[in-house]
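Trainee: Below is the sequence, then the predicted model.
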Amino acid sequence: MYSLDKMTPLVYKEETLQEEIAASLLVEQTIMDLHGSVALVTGGAHRLGRAIALALGQAGANVVVHYNRSAEQAQVVLHELEALGVQSVAVAGDLSRVAEVERVVDTAVARWGRLDVLVNNAGIWGSTPIGTVTEERWSELLDTNLRSAFFAAQRATPALRAARPAARSSILPMWARCGPGAITRPT
């Protein structure tokens, strides 16, 4: 979403995101009851991922909170989920590496013996002048924001099929929706 006068992304407060997501998922728990189900949220330690993890917890799901470098934030989310009366576990992993993606999904499945919901939310971004984006940086962005979602869905598919009905969701990284200058900008 843009501020049309400045072509800059609009910023939402995390609490507002959580409330909106919870409202859309729950509608006072008449539409979505996830009690006993298991959800994996990549990038679940802060911002949108945190809001999604907490909304899933409010709906009754046990939640696997993936993080890369946000160990402290992940622990905070675990405590918040515990306060909601659901079980949760935090799993670290660098999702730019396929082996790590597979390990994170396998850990989620092994913890409860099932996986009902996969939310591919993890992503990285950074505004860089287009003339300075290196091949390494471009690969890192694609690996984390695109390849990880594909390989997580691929690895999780057998568990999701076994759970039926299951859900998969991929969140486009914010830079993909932010318009001019969000990932690269003219120099």
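Mentor: Cool, the structure landed. Numbering: from 1, shown residues only.

Trainee: Quick check: residue 134 vs residue 126, distance?
Mentor: Applying CB to CB, to the nearest Å, the value for residue 134 to residue 126 is 12 Å. For the C-beta atoms, the positions are set from N, CA and C on the backbone; glycine is no exception.

Trainee: higher neighbour count, these two?
Mentor: Taking neighbours as other CB atoms under 10 Å, residue 134 and residue 126 compare with residue 126 leading, 12 against 9.

Trainee: measure the more buried one to residue 141 for me?
Mentor: Distance, residue 126 to residue 141, using CB to CB: 8 Å.

Trainee: Okay, and residue 86 sits in which element?
Mentor: Applying DSSP states H and E as the criterion places residue 86 outside every helix and strand.

Trainee: And the one 3 residues further on, by the same measure?
Mentor: Residue 89 belongs to strand 88-92 when elements are defined using DSSP H and E.

Trainee: same deal with residue 78?
Mentor: Here residue 78 is assigned to helix 71-83, by DSSP H and E.

Trainee: how about that helix: buried residues?
Mentor: Neighbour counts over helix 71-83 (16 or more other CB atoms under 10 Å) mark 73, 74, 77, 78, 80, 81 as buried.

Trainee: show me what contacts the third one?
Mentor: If I follow you right, that is residue 77. 44, 45, 46, 50, 53, 54, 65, 88, 90 (CB atoms under 8 Å, 6 or more residues apart in numbering).

Trainee: Go ahead and confirm residue 40 touches residue 104.
Mentor: Yes: Residue 40 lies in contact with residue 104 (CB atoms under 8 Å); the separation is 7.4 Å.

Trainee: residues shared between the contacts of those two?
Mentor: Counting by CB under 8 Å, 6+ apart, the contacts common to residue 40 and residue 104 are 64, 66, 152.

Trainee: for the protein, what spans make up the helices?
Mentor: All helices of the chain, identified by DSSP state H, fall at 14-26, 47-58, 71-83, 98-112, 135-142, 148-163.

Trainee: out of these, nearest to residue 34?
Mentor: helix 47-58 (6.4 Å; CB to CB).

Trainee: mind listing what the residue nearest the centre of the chain touches?
Mentor: Centroid check for the chain by CA atoms, centre = their mean gives residue 121 as the closest residue, at 2.4 Å. If a contact means CB under 8 Å, 6+ apart, then residue 121 has 41, 42, 43, 44, 48, 49, 52, 171 as its contacts.

Trainee: One more pass at 6 Å, please.
Mentor: 41, 42, 43, 49, 171 (CB atoms under 6 Å, 6 or more residues apart in numbering).

Trainee: Most neighbours of all these, which one?
Mentor: Greatest neighbour count in the contacts of residue 121, by other CB under 10 Å, goes to residue 41: 33 neighbours.
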